[in-house]
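Engineer: I would like the atomic coordinates for the input below:
(one chain, ligands or ions: 1)
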Amino acid sequence: MVFSVPLRPFLKRNLPTSVWNRLTLTIYGWEFHEKRRPFLQYAAPQGNDKSFMLAGCGRLELWTCDPEVTSEVLRRPRDFQQHDLTELFMGIFGHNVLTGNGESWARQRKIAASVINERISKTVFDESVRQTRGMISEIFVARTQDRATSASSNKMFDMLKKVTIHVLSGAGLGASVPWRNEDGEKPRPGFKMTYIQSAKVVMEAVTGPIILPSALLTHWPSWVPGGPKMKQLGVAKLEFPQHTNTLLDEERRRSNEKSASRSNIMSQMIRASEQDRSTGKMLSDEEMVGNLFIFTAAGFETTANTLSFALMLLARYPMWQDWLLEEIDEIQPEDAEQDFDYTSAYPKATRIMAFMFETLRLYTPINHLVKQTHEPQTIKTSRGTICLPPRTVVYMNTVCLHLGPEVWRGINHGSDPDFVKAASPKHTPDELVFRPSRWLNPAGSQQPLFQPPKGSFVPWSMGPRVCPGQKMAQVEFTAVILTLLHEHRIDPIPVGEESREQMDERLEAKLNDSMSVLTLQMNGVYDIGEKGGVPIRLSRRV
Ligand code: HEM
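Structural biologist: Numbers count the residues shown, from 1 in each chain. A predicted model of the protein is given here:
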């Protein structure tokens with residue numbers, strides 16, 4: 001599973017197409033590359049272009065992009081449980097709501113779901129504005145030559161990751177970090193890394209070497225390629241839970257002292273868990289650390305990569321940026337010197353929400369939702385009944401669910417801005433086109449935003465196990481985009497004599513050159529050196 005992913009380009013180049021077309025289905029993350037091709041090629045001739053079974057050397061797999069099957073499976077978490085691998089990778093620091101099933105999950109979910117409330121949303125919004133302002137000032141300070149009007153950086157994608165981890169730290173653990181201070185901040189006595197440093201290293205390794213024992217990682221030979229990184233991971237794996245425990249002790253002390261009530265995920269979790277003490281359903285210490293880890297792990301790459309795709313899309317589609325700017329100029333805070341305010345700005349940001357949904361539709365971070373059966377199960381749909389034996393793995397392909405022409409083609413054209421007709425590629429089916437206005441219902445509708453049929457838009461999953469961080473991600477996305485575009489435009493920088501058309505082709509290729517690791521991410525935009533990557537210009541709007 002791990003080694004086949006980097007081998008993908010080599011295998012694709014060297015295998016006969018007919019062999020590759022089938023083999024690719026066994027390589028992790030095929031969904032984004034193949035889109036609907038396997039369903040049309042293998043499933044449609046058998047009378048159902050939405051589901052097929054894959055029988056290999058391992059367990060039987062049902063692959064589906066049928067909204068009816070998806071909503072039925074996700075409605076029944078007791079029949080379709082978390083995959084064993086979820087526990088292996090995500091339970092590394094303790095049992096938690098993502099890895100749990102049955103009663104254990106229900107008990108943890110009750111607490112986890114209650115912690116992301118309106119008070120947290122306000123904290124998330126304010127923290128996101130603060131961190132994005134820090135990011136903008138770093139870009140402008142770094143480039144002095146034309147600092148009054150514009151500045152550019154090829155590190156904006158890394159900076160968005162930094163925004164996300166800082167927001168998770170501030171709003172999640174109450175450990176607010178100033179934007180610039182991180183590099184100068186010293187680890188606490190007895191630690192080699194700060195909380196943020198250890199969190200970042202752990203989160204970036206969460207799908208791979210994190211499962212190796214810390215002792216092995218810290219003694220990894222330095223001369224082996226990647227050795228220093230493995231050693232660093234070993235330290236981070238040891239220190240991350242220790243940091244979390246220290247922060248937890250501090251938060252508990254503060255809540256015992258009954259000082260000013262704080263609104264972060266950790267404080268709310270302690271409070272919610274304490275309320276369940278009398279019923280014996282409170283979280284154990286191990287579960288508390290496990291859940292704090294999972295809130296960071298589940299919220300980090302998903303949100304950061306969504307913001308990165310959004311940034312690239314803003315650079316690629318200047319006219320959609322203008323469309324967003326029209327709304328942002330209307331949301332302006334009353335006093336131009338003031339920051340945006342959550343209560344008044346967030347509900348008005350309908351176009352930003354449409355932009356986020358369209359980004360998630362085409363570049364959904366989690367390319368499949370996976371569940372497994374323990375008992376025989378049947379799924380009844382209007383297409384017929386699917387019978388599954390025990391130990392079948394069900395993969396719900398979110399990439400294809402988000403491209404179903406019967407749901408997505410041609411909706412809400414009435415809300416399109418004028419440029420859409422002129423700019424739309426003639427031969428591309430509408431469901432493949434980036435068109436945020438498809439989400440805007442006609443003026444006067446009961447719901448301003450399009451409500452897709454059940455099971456057809458599931459970036460956050462759905463049903464009882466729907467992502468509890470959905471609102472938090474929406475609030476953060478809105479705050480970051482509002483702050484970025486309030487006073488600035490975003491533009492790509494041409495390479496050499498590149499025309500706008502050539503530049504668009506380059507950006508389009510970058511968007512398509514994405515790979516599903518834990519979540520979908522663009523290759524070659526993070527951790528690049530001083531040159532390379534995709535430099536982006538921020539220009540002050542006049
Ligand atoms: C754009 C951002 C996000 C996306 C696309 C996303 C997506 C998802 C998806 C698809 C699941 C279901 C996984 C499964 O069933 O295996 C999930 C679960 C979860 N997410 Fe998110 N997520 C996002 C942000 C967040 C944030 C910000 C947090 C918290 C700070 C968070 C916390 C969780 C937790 C705790 C679960 C487990 C819920 C359970 O199993 O009951 N997520 N997320």
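Engineer: and for whatever residue of the chain ends up closest to the ligand, the neighbour number?
Structural biologist: Across the chain, the shortest distance to the ligand (CB to the nearest ligand atom) belongs to G469, at 2.1 Å. Where you see a C-beta, it was placed from the backbone N, CA and C, and this is true even at glycine. Using other CB atoms under 10 Å, the number of residues around G469 comes to 24.
Engineer: quick one: low-confidence parts of the stretch 151-300 of the chain?
Structural biologist: Under the criterion pLDDT under 70, the flagged ranges of the stretch 151-300 of the chain are 181-184, 258-261.
Engineer: and for the chain?
Structural biologist: For the chain, the stretches with pLDDT under 70 are 1-3, 142-148, 181-184, 258-261, 334, 336, 424-425.
Engineer: so D49 makes contact with P38?
Structural biologist: No - checked against CB atoms under 8 Å, the pair D49 and P38 is beyond contact range at 10.1 Å.
Engineer: between the two, which is the more surrounded one?
Structural biologist: It is P38, of D49 and P38, that has more neighbours when counted by other CB under 10 Å, with 22 against 19.
Engineer: flag every residue of the stretch 151-300 of the chain that's near the ligand.
Structural biologist: I294, F295, A298, G299 (CB under 6 Å from any ligand atom).
Engineer: just send the residues you listed back as JSON lines, with secondary structure and neighbour count too.
Structural biologist: As requested, those are exported to JSON lines (DSSP: H, G, I helix; E, B strand; the rest coil; neighbours: other CB atoms under 10 Å):
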{"residue": "I294", "secondary structure": "helix", "neighbour count": "24"}
{"residue": "F295", "secondary structure": "helix", "neighbour count": "26"}
{"residue": "A298", "secondary structure": "helix", "neighbour count": "24"}
{"residue": "G299", "secondary structure": "helix", "neighbour count": "26"}
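Engineer: got a list of what the residue of the chain closest to the ligand touches?
Structural biologist: By CB atoms under 8 Å, 6 or more residues apart in numbering, the contact set of G469 is I116, F295, A298, G299, T302, T303, W460.
Engineer: straight-line length of stretch 512-532, end to end?
Structural biologist: Using CA to CA, to the nearest Å, one end of stretch 512-532 lies 18 Å from the other.
Engineer: helices of the stretch 51-200 of the chain, start to end?
Structural biologist: Assigned by DSSP state H, counting those that start in this stretch, the helices in the stretch 51-200 of the chain fall at 67-75, 84-90, 102-115, 118-142, 156-167, 173, 181-184, 195-204.
Engineer: let's have the ones you listed in JSON lines, adding mean neighbour count.
Structural biologist: Putting those into JSON lines (neighbours: other CB atoms under 10 Å) gives the following:
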{"stretch": "helix 67-75", "mean neighbour count": "22"}
{"stretch": "helix 84-90", "mean neighbour count": "16"}
{"stretch": "helix 102-115", "mean neighbour count": "18"}
{"stretch": "helix 118-142", "mean neighbour count": "20"}
{"stretch": "helix 156-167", "mean neighbour count": "24"}
{"stretch": "helix 173", "mean neighbour count": "23"}
{"stretch": "helix 181-184", "mean neighbour count": "10"}
{"stretch": "helix 195-204", "mean neighbour count": "22"}
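Engineer: of all these, which lies closest to N523?
Structural biologist: Of all the helices of the stretch 51-200 of the chain, helix 156-167 sits nearest to N523, with 11.2 Å by CB to CB.
Engineer: how far is that closest one from where the chain is centred?
Structural biologist: With CA atoms, centre = their mean, to the nearest Å as the basis, helix 156-167 stands 12 Å off its chain's centre.
Engineer: same deal with stretch 272-288?
Structural biologist: 29 Å.
Engineer: what does it contact?
Structural biologist: Stretch 272-288 is touched from outside by 94-96, 107-108, 110-111, 114-115, 245, 248, 269-270, 291, with contacts defined as CB under 8 Å, 6+ apart.
Engineer: what does the stretch 1-150 of the chain put close to the ligand?
Structural biologist: V97, L98, R109, A112.
Engineer: can you tell me the closest non-neighbouring residue to the third one?
Structural biologist: Excluding the flanking residues, the one nearest R109 by CB to CB, 6 or more residues apart in numbering is V97, at 5.3 Å.
Engineer: check contacts around the one you found.
Structural biologist: W105, Q108, R109, A112, N291, I294, P468.
Engineer: then Q232?
Structural biologist: Q232 makes contact with V201, according to CB under 8 Å, 6+ apart.
Engineer: for the helices of the stretch 51-200 of the chain, which one sits closest to G532?
Structural biologist: Between G532 and the helices of the stretch 51-200 of the chain, the tightest spacing by CB to CB is seen for helix 156-167, at 12.0 Å.
Engineer: elements contacting the closest one?
Structural biologist: On a contact count with 3 or more CB pairs under 8 Å, 6 or more residues apart in numbering; DSSP states H and E, helix 156-167 meets helix 118-142, helix 195-204, helix 285-316, helix 470-487.
Engineer: redo that, cut-off 7 Å
Structural biologist: Secondary-structure packing of helix 156-167 (3 or more CB pairs under 7 Å, 6 or more residues apart in numbering; DSSP states H and E): helix 118-142, helix 195-204, helix 285-316.
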